[in-house]
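Q: build me a model:
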Amino acid sequence: MKNFIFVVQVLFLIAFFSNAYAENIKTGEKLPEITIKEKGIMTFDYEIKNNQMACPGNMEISYKPWSTSELEGKVSTIYHLAARMGIEDINQPYIDALIKADLPDKLPDSDYKTTTILNLDDAVWGTSGLASSKFTKSQEEFPYAYYVADLKGEAAEAWNLEKKNTAVIVIDKSNKVLFFKEGKLDTEDIKTAVSKIKEALKE
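A: As a prediction, the model looks like this:
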């Protein structure tokens with residue numbers, strides 16, 4: 001019995017300390033800063049065509065470490081996804097609303113950016129390669145957006161995000177959280193998030 005109690009105590013301490021540095025995302029407060037070192041943001045030699053970023057015909061993707069501090073000075077949506085097939089469909093209506101809003105996001109120094117973080121640590125065994133391939137195709141389709149591959153799930157761990165789920169975070173130019181929700185956004189959520197973005201762009 002004593003051995004059982006000891007094991008339980010050890011497991012509790014492991015769970016406690018593994019979350020000791022994790023921070024919850026709170027509306028009205030600054031987004032806890034993170035750096036994704038394993039893989040990171042996709043980079044490529046883009047071109048400017050018709051006043052927007054475009055992919056060259058022989059596009060070659062590479063990665064470099066990425067930090068949320070790089071978003072300062074821009075209004076942003078951070079779209080966090082577990083690397084599970086079909087999960088991106090959960091909040092496709094929100095992405096469609098962003099496209100319809102015609103936000104100033106087409107150039108490298110634009111005032112707005114959407115950053116999609118793919119948590120490759122939260123994938124069904126054997127499917128992370130397929131998820132990565134689809135992720136790269138998304139970058140080709142939207143070369144002016146940021147795509148971050150998170151190999152070890154550093155963002156989800158640091159922010160206490162739910163597994164097997166998606167999250168939408170809207171931040172202003174100082175990285176203050178304007179909107180945050182995990183799971184599916186309803187119609188009112190989408191209206192609120194897009195409205196927050198437009199208001200922040202005016203400031």
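
Q: in the protein, what spans have low per-residue confidence?
A: Residue ranges of the chain with pLDDT under 70: 1-22, 125-130.

Q: which residues of it fall in strands?
A: Secondary structure of the chain (DSSP state E): strands at 35-43, 47-49, 52-54, 62-67, 75-83, 112-123, 146-150, 166-171, 177-182.

Q: check contacts around the residue lying closest to Lys152 once chain neighbours are set aside.
A: Spatially, and ignoring its direct neighbours in sequence, Lys152 is nearest to Glu38 (4.9 Å; CB to CB, 6 or more residues apart in numbering). (C-beta placed from N, C-alpha, C; glycine too.) Glu38 sits next to Asp150, Leu151, Lys152, Glu154 when contact means CB atoms under 8 Å, 6 or more residues apart in numbering.

Q: what about the spatially closest residue to the last one that is not a sequence neighbour, distance to Asn119?
A: In other words, Glu154. Distances taken as CB to CB, 6+ apart put Ile36 closest to Glu154, at 5.1 Å, once the chain neighbours are dropped. When distance is defined by CB to CB, to the nearest Å, Ile36 is 10 Å away from Asn119.

Q: overlap in contacts of those two?
A: Asp150, Ala155.

Q: these two: which has the busier surroundings?
A: Shown here are Ile36 and Asn119; by other CB atoms under 10 Å, Asn119 has more neighbours (31 against 24).

Q: okay, and the beta partners of that one?
A: With DSSP bridges as the criterion, Asn119 is bridged to Ala82, Asp150.

Q: I'd say it and Ala156 touch.
A: Yes. Under the criterion of CB atoms under 8 Å, Asn119 makes contact with Ala156 at 5.1 Å.

Q: joint contacts of the two?
A: By CB under 8 Å, 6+ apart, Asn119 and Ala156 have these common neighbours: His80, Ala82, Asp150.

Q: dump the residue contacts of the nearest residue to Lys64 once chain neighbours are set aside.
A: Of all residues not flanking Lys64 in the chain, Gly40 sits nearest, at 5.2 Å (CB to CB, 6+ apart). By CB under 8 Å, 6+ apart, the residues touching Gly40 are Tyr63, Lys64, Pro65, Trp66, Val148, Ala149.

Q: mind doing that once more with 6 Å?
A: By CB atoms under 6 Å, 6 or more residues apart in numbering, Gly40 lies in contact with Tyr63, Lys64, Pro65, Trp66.

Q: adding distance to Ala200, write those out as CSV.
A: Formatted as CSV, the contacts of Gly40 follow (distance: CB to CB, whole Å):
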residue, distance to Ala200
Tyr63, 29
Lys64, 27
Pro65, 27
Trp66, 22
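
Q: which among these gets closest to Asn175?
A: Taking CB to CB as the measure, Asn175 lies nearest Trp66 of these, at 13.9 Å.

Q: pretty sure the closest one contacts Tyr147?
A: No. The pair Trp66 and Tyr147 fails to qualify as a contact (CB atoms under 6 Å) at a distance of 9.8 Å.

Q: coming back round to it: now rank the contacts of Glu38 by neighbours and give me the top one.
A: Highest neighbour count within these: Asp150, with 25 neighbours (other CB under 10 Å).

Q: having no further points to raise, I will conclude here.
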